[in-house]
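Asker: Predicted model and sequence below, questions to follow.
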Amino acid sequence: MALSEGQCTALDQLRRIADTDRSPVRVIGIERTGDPGAWLKVHITLDCTRHEKVAGGLPLHDREGITLWIPPEFPFDPPLAFTAHTRFLGFTHVHWGRWLCLYVSPETQWNPSQGIFGFIAQLNEWLRRGARNELDHPEGPLHPPIAYTGASTSICVNADTPDCRQWPWFGAAVLTQTKPHLLEVDAWRPVYDVPNEVSFAPTVLLDFELPYEFPRTVQHLLVHLETEGVPSSRVLAHLMVGSERVAQDAPLYVGIGTPSRGVAGDLADRRQHLTFWEIEPSDVTKLRNAALACDISNLYQGRETPEQIQALIDSELDRLTEWRREAPVRWCSVMETDPRSLPEETRAHRWTGFAASASRCGVAERSAG
C-alpha cells in the first residue's frame, strides 16, 4: 500500500517520539491495506504509571494499548484513537466501548501544525484527566451523548423541568408546533391533565445518567432502564398512553431527562439534560393497536401498582415483545432556552455546539467504519 504524504509524515513523527529517551510511547505494529485512500492503523502502547487514579475514574493499566487511525488527509484531518479493549465502556467520551473522543470540537481544538506531537499530547492529557474522573467538568462545555440516527424535527425547550420529589418522574412535555419541523415545549404536566386536543411527548425524568451512546432501538433503552430499577412495563404503559393521543400517520415523540448538568454531588440534584426521541408512524400504529386492545387508557391512570401495570402489559405481551425489539428510535435536535442551563457567555452558542457535535460524530462513524 502506498501511503499518502501525510501518513508518511505521521509515521515519521511517531517514530521520533518513540525514539526519545524515556518516551512513554512505543510503536508495536503497523497495519497497511491495499485499499487506495485507506486509513493507516498504527498500534502503540502508552505508559500511564504517572497518572493519578481516583474512584470513578478510568481504570487505567500501567501501559495502555492504543490503535491510531491516521487518515490520508493528515494533518488537515486529525487521527482517531481506539483502545485495544472495552474496559472503558460506559465512560463519557468513549464511543462503542473503544473509540476515544479526544476533542469536543475538532474544528477548533485540532491544530494541524502540531501534527502527531500535538495528538499524542492530547491523548496523554485525556487519559490523565480520565483517570482523575475529570473528563466532564460540571460547568464545562456540554458534549451530548451520542446517537447516530437523526429525526428531521427539532424541539425547543422553553420551560424548565418540574421539581421532582419522587424518581423517576413520568409526565408530559406539552408540545406546540410553531413552524414545520420545529416543536416547542412550554409546559410540563401529568399526562391526564393534558387536554385531548393538545399534543404532548410522554416523558421520563431520571436521577441517573444514560450510557454515553444512546440506544438505537426501544429495546436497548428499556433494557438499560430496567437495569437501573425502572420497570420496562411502566415505561411501555407510558408510551402506549401517548400513542393513543397521536394523529394517524404521525410520529410519537418521547422525552428522556438525565442529570447531566450542574454542580458536583447527588445526580438527583443536578439540572436535567433533555433529549427527545422520534418513533416513526408505522411503529406508533403497532403500539397504538396494542394499547387499544388492552384498553390501557381507561385501566391505567399512572397510579397502579407495578403488578397491575405488568398484568396489562402481559395481555399484549407477544405483540409488544416484537415491537420493542424492532422499533428504531431517532434522536431529535434539542434546543434549551432555560436561562439556568448555561453561563451567560455560552448561552447563545449552545445550539451551534449541539448541531456541530452530532454532525461530527456521524461523519466520524462513517470514516472509521
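Answerer: Thanks, I have it.
Asker: now the nearest residue to Thr203 once chain neighbours are set aside, what's its secondary structure?
Answerer: Spatially, and ignoring its direct neighbours in sequence, Thr203 is nearest to Gly255 (3.2 Å; Cβ to Cβ, 6 or more residues apart in numbering). Quick note: C-beta positions are derived from backbone N, CA and C, even for glycine. Put simply, Gly255 is strand when judged by DSSP: H, G, I helix; E, B strand; the rest coil.
Asker: Can you report how many residues neighbour Gly255?
Answerer: 27 (other Cβ atoms under 10 Å).
Asker: I'd like to know how far it sits from Arg330.
Answerer: Counting by Cβ to Cβ, to the nearest Å, the gap from Gly255 to Arg330 is 14 Å.
Asker: sorry, back to before: hmm, Phe170 and the residue nearest to Thr203 touching each other?
Answerer: No. At 10.5 Å, Gly255 does not count as touching Phe170 under the criterion of Cβ atoms under 8 Å.
Asker: so what's in contact with the two at the same time?
Answerer: 202-204 (Cβ atoms under 8 Å, 6 or more residues apart in numbering).
Asker: who wins for neighbours among these?
Answerer: Thr203 (26 neighbours).
Asker: so which helix or strand takes in that residue?
Answerer: Assigned by DSSP states H and E, Thr203 falls within strand 199-205.
Asker: And Leu46, by the same measure?
Answerer: Secondary structure (DSSP H and E) places Leu46 in strand 40-47.
Asker: could you say what helices and strands that strand packs with?
Answerer: Packing partners of strand 40-47 (3 or more Cβ pairs under 8 Å, 6 or more residues apart in numbering; DSSP states H and E): helix 5-18, strand 25-31, strand 63-70, helix 115-131.
Asker: can you do 10 Å?
Answerer: Contacts defined by 3 or more Cβ pairs under 10 Å, 6 or more residues apart in numbering; DSSP states H and E place strand 40-47 against helix 5-18, strand 25-31, strand 63-70, strand 80-83, helix 115-131.
Asker: For the very next helix or strand once past the strand holding Thr203, buried residues please.
Answerer: Using DSSP H and E, the next helix or strand after strand 199-205 towards the C-terminus is helix 218-227. Residues of helix 218-227 classed as buried under the neighbour-count rule (16 or more other Cβ atoms under 10 Å) are 218-222, 224-225.
Asker: Great, nothing more from me.
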